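Peer 1: my questions are about this predicted structure, shown below with the sequence.
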Amino acid sequence: MIRLQNVSWRRERKNGTPVLSNLTLTVPQGGFRWLLGPSGAGKTSLLSLLHVESLPSDGSLEILNKTVSVDTPRATLMRLRQRIGMVHQNYRLMPGLSVADNVALPLRLQHRPEDEITDEVQAILKWVGLGERVNVQASRLSGGEQQRTAIARAIVHRPGLILADEPTNALEEPQAHKLLDLFGELSSMGTTVIVATHNEALIRRLPRPSLYVERGRLVREDD
Ligand SMILES: Nc1ncnc2c1ncn2[C@@H]1O[C@H](COP(=O)(O)OP(=O)(O)OP(=O)(O)O)[C@@H](O)[C@H]1O
């Protein structure tokens, strides 16, 4: 469950125009929402807030049944973030690590046994079509391969919440469709999924409710 009540977020501590203003919305556990809006509307900023990389300047924010504020201890935020899978627009892989080690990161943070990690990572990399690229250094990957590695890393630990920022823009259509089908399936099994996109064709393929953001405000919610 995600719940925002009158949440605003300013880049600077006190003054300055809020990047996100007065957002109130609820997404139930297992809900899927498209996050839409023009470039610069605040979609990435909202995803950063939901990923607890930034914290609300005002209002109240609840993610996976935890209330989050500027007073939340860092260790609590880190634990919460481990329950969230995020596909960043620019992937944010560790360039010096192999594909497998990038994808293993969330499982290592959970202190899972290494043999289990190897199996899980192999399986998910095979699923995204990178079964033959396991030991390649991330800095040597193409854009599409980087995006698929980032997707694998975001879902390998079966998070309760998946956030994805334009997760298919470097993918070929069949891969994009496969990913969407997975997101749809994960949401029907209880994972909350929020996907920012400009891609109308994707939305038509998986018709789900949308959140429209404009100039940092939630201007519309469609079913
Ligand atoms: N690092 C930054 N420093 C200052 N302003 C920023 C920074 N990143 C984004 N902004 C501003 O914050 C606002 C929201 O940007 P954000 O990236 O969240 O929008 P977006 O809807 O994700 O856009 P896009 O669809 O182009 O990715 C915009 O006005 C943008 O110019």
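Peer 2: Sure thing, it's come through.
Peer 1: count the residues that sit near S188.
Peer 2: Other residues near S188 number 11, with proximity taken as other Cβ atoms under 10 Å. In short, each C-beta sits where N, CA and C put it, glycine included.
Peer 1: going forward, the N-terminal residue is numbered 117.
Peer 2: Okay, residue one is now 117; in that scheme the one you just asked about reads as S304.
Peer 1: what's the helix or strand containing V219 packed up against?
Peer 2: Using DSSP states H and E, V219 sits in helix 215-225. Where contact means 3 or more Cβ pairs under 8 Å, 6 or more residues apart in numbering; DSSP states H and E, helix 215-225 is packed against helix 230-243, helix 259-271.
Peer 1: pLDDT on the first one, on average?
Peer 2: Over the span of helix 230-243, the pLDDT mean works out to 96.
Peer 1: and it, what does it pack against?
Peer 2: Taking 3+ Cβ pairs under 8 Å, 6+ apart as the contact cut, helix 230-243 packs with helix 215-225, helix 259-271.
Peer 1: buried residues of it, list them for me.
Peer 2: By neighbour count on 16 or more other Cβ atoms under 10 Å, the buried set for helix 230-243 is I233, E236, V237, I240, L241, W243.
Peer 1: next one: stretch 172-191
Peer 2: P172, S173, G175, L177, I179, L180, V184.
Peer 1: which of these lies closest to the ligand?
Peer 2: S173 (13.6 Å; Cβ to the nearest ligand atom).
Peer 1: one step back: any chance of the buried residues of helix 230-243 in a markdown table, plus distance to the ligand?
Peer 2: Output for those, formatted as a markdown table (distance: Cβ to the nearest ligand atom, whole Å):
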| residue | distance to the ligand |
| --- | --- |
| I233 | 32 |
| E236 | 31 |
| V237 | 29 |
| I240 | 26 |
| L241 | 27 |
| W243 | 27 |
